[in-house]
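Participant: predicted coordinates and the sequence they were generated for:
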Amino acid sequence: MSPLRGPLGLGTLLAVPWASLPPASQAQCPWHQAGGAEMRNWTAGLEATEAPLGAARGACEPSDPVQFVLVPLVYCVVLCVGLPGNLVALLAFLQSGQVRKAIRIYLINLTLADILFNLTLPLWIPYYLAGGHWALSDAACRLAGAAYYMATYSAIAFMTLISFDRYCTVRVARLDLALNRRHGAAVACVAVWLACLGCAIPFLAARQTWAGSRGTTCFEQSAGHRHYAYAMVGFFAASFLVVLGAYASIMRSLSATASPGSHRRLARAMVLGMLLVFVVCVAPYHLTLAPWVAGRTQTPGCSPPSTLDVLHALSVALLSLNSCIDPLIYCFSIKCFRADLWRTARRIVRCLPLPPSPLERPVPNVRSSSFTSS
């Protein structure tokens, strides 16, 4: 019989079977005198039940290749591609000299949201590779989870504002709203960040790490926060309708114009890119979020993943691709962005300490000893 481990540290006392004690020791024990039969029955029951419990604990190993293999693999690709791409895009926006426009302010904040999302991935990759075990502190879990959701939903808000701004510029009777001006755009972006931070405060204030069957989990106690999940789905649905309506209105405006200008075609390309991001990356996550959260328990046990669990894990991987696709949308929907991007990349490469090429290395002047002796 193995020791019964626990917080009291009494395992070694219960590790010795009662039958292995000598008769003299059994006779001296007051339990033997008062109720030896009950004591023997109790220890026999422990011996019979501890083995299945230990086997169950040992058998609870991560068996979800989608969540613990595919998701961290996609996160690694997104981190290696999305973080450099968004950093270069941010430098290109800041050096272009057109930050005065509202659209550039929205694009800069969208890029900042993507960078924030990418910076959380080094914390989540080891978590999934370890089979869903959080090895860091609870404070690190709170910050990682809050930053993850802040980046995700601020990006959704900025994509919605960008689509609405493009809709206002393409309309025949152009709408001159405060959101289309520089100061209005700056105020809107600050409001988005503050709103996302306010929604993240409950997660920052409460404990987010819990001891589970596979170790310490982080941000997986969804049963107590179902109303947050439903609010996320509602926010996505409203944002998606705005982007879809903006694209439909732009297409209607372009079809009514005999020769649409280049700025209208670029506006259509940008809104189409945002719509594709919503459909491909963001929509699958929110379509599976509500039923997945509704089916979660407060203390999930050790059971194989269901079909909904697999679909939810796939949608999490798709959601992360958003930060990689945004720089591509900039390249095909912003005038002169590719030129600004290459100019910024060349400046970055020029600042790197590169070794001299073989043609630039000095050739030593070596003379033979015969010439020197003469």
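Facilitator: Received the coordinates, thanks.
Participant: can you give me the helices in this protein?
Facilitator: With DSSP state H, the ranges of helices along the chain come out as 23-28, 30-59, 65, 71-95, 102-129, 138-170, 182-205, 226-255, 262-277, 283-294, 307-320, 322-333, 337-351, 369-373.
Participant: for those, which one sits closest to Ser213?
Facilitator: The closest of the helices of the chain to Ser213 is helix 30-59. By CB to CB, the value is 7.7 Å. No exception for glycine: its C-beta is placed from N, CA and C like everyone else's.
Participant: on that earlier part again, and the helices of the chain: which comes nearest Gly212?
Facilitator: Go through the helices of the chain one by one with CB to CB and the one that ends up closest to Gly212 is helix 30-59, at 11.6 Å.
Participant: that closest one - what's its average pLDDT?
Facilitator: Taken as a whole, helix 30-59 has a mean pLDDT of 46.
Participant: and whatever helix or strand comes next after it, how far from the chain's centre?
Facilitator: Next helix or strand after helix 30-59 toward the C-terminus (DSSP states H and E): helix 65. Centre-to-centre, helix 65 and its host chain are 18 Å apart (CA atoms, centre = their mean, to the nearest Å).
Participant: other residues contacting helix 65?
Facilitator: Residues from elsewhere that reach helix 65, judged by CB atoms under 8 Å, 6 or more residues apart in numbering: none at all.
Participant: for Arg214, which of the helices of the chain is the nearest?
Facilitator: Closest of the helices of the chain to Arg214 is helix 30-59, at 10.2 Å (criterion: CB to CB).
Participant: quick one: low-confidence ranges for this structure?
Facilitator: Applying pLDDT under 70 to the chain flags residues 1-63, 96-98, 172-175, 221-225, 258-260, 297-302, 352-374.
Participant: any idea how far Pro65 is from the residue positioned nearest the centre of the chain?
Facilitator: Central residue of the chain (CA atoms, centre = their mean): Tyr148, 5.1 Å from the mean position. Here the criterion is CB to CB, to the nearest Å. By it, Tyr148 lies 22 Å from Pro65.
Participant: got the contact list for the closest residue to Tyr127 other than its chain neighbours?
Facilitator: The shortest distance from Tyr127 to any non-neighbouring residue, by CB to CB, 6 or more residues apart in numbering, is to Trp134 (5.6 Å). By CB under 8 Å, 6+ apart, the residues touching Trp134 are 127, 141, 209, 215-218.
Participant: and these, which two are furthest apart?
Facilitator: Across the contacts of Trp134, the longest distance by CB to CB is 12.6 Å; it joins Cys141 and Gly215.
Participant: out of the two, which sits in the busier spot?
Facilitator: A count of neighbours by other CB atoms under 10 Å puts Cys141 above the other of Cys141 and Gly215, at 22 against 16.
Participant: how about the more buried one: what's its closest non-neighbour residue?
Facilitator: Going by CB to CB, 6+ apart, Cys141 has Cys218 as its nearest residue, at 4.0 Å.
Participant: run a quick neighbour tally on that neighbour.
Facilitator: Cys218: 23 surrounding residues under other CB under 10 Å.
Participant: and what of Leu87?
Facilitator: A count of neighbours around Leu87, defined by other CB under 10 Å, yields 17.
Participant: so it touches Ile115, yeah?
Facilitator: Yes: using CB atoms under 8 Å, Leu87 is in contact with Ile115, at 6.6 Å.
Participant: which residues touch the residue nearest to Phe158 when sequence neighbours are not counted?
Facilitator: Nearest residue to Phe158, sequence neighbours excluded (CB to CB, 6+ apart): Leu110, at 4.0 Å. By CB under 8 Å, 6+ apart, the contact set of Leu110 is 155, 158-159, 162, 326.
Participant: gap between Leu110 and Ala269?
Facilitator: Plainly put, Leu110 is 16 Å away from Ala269 if you go by CB to CB.
Participant: and if you look at Gly261?
Facilitator: Gly261 is 13 Å from Ala269, where distance means CB to CB.
Participant: again with Ala140
Facilitator: 40 Å.
Participant: same thing with Val293?
Facilitator: Here the distance between Val293 and Ala269 works out to 35 Å (CB to CB).
Participant: neighbours of the closest residue in space to Pro284 that isn't next to it in sequence, just the number please.
Facilitator: Nearest non-adjacent residue to Pro284, counting by CB to CB, 6+ apart: Ser315, 4.0 Å away. Applying other CB under 10 Å, we find 19 residues neighbouring Ser315.
Participant: and for the one 3 residues further on?
Facilitator: Residues contacting Leu318 under the criterion other CB under 10 Å number 16.
Participant: so who does it touch?
Facilitator: Neighbours of Leu318 in contact, by CB under 8 Å, 6+ apart: 280-281, 284-285.
Participant: what is the nearest of these to Val74?
Facilitator: Nearest to Val74 among these: Cys281, at 11.3 Å, using CB to CB.
Participant: and for the closest one, nearest residue in space, chain neighbours not counted?
Facilitator: In space, Cys281 is closest to Asn322, 4.4 Å off (CB to CB, 6+ apart).
Participant: just checking, the one you found touches Pro284?
Facilitator: No: with contacts counted by CB under 8 Å, Asn322 stays clear of Pro284, the gap being 11.4 Å.
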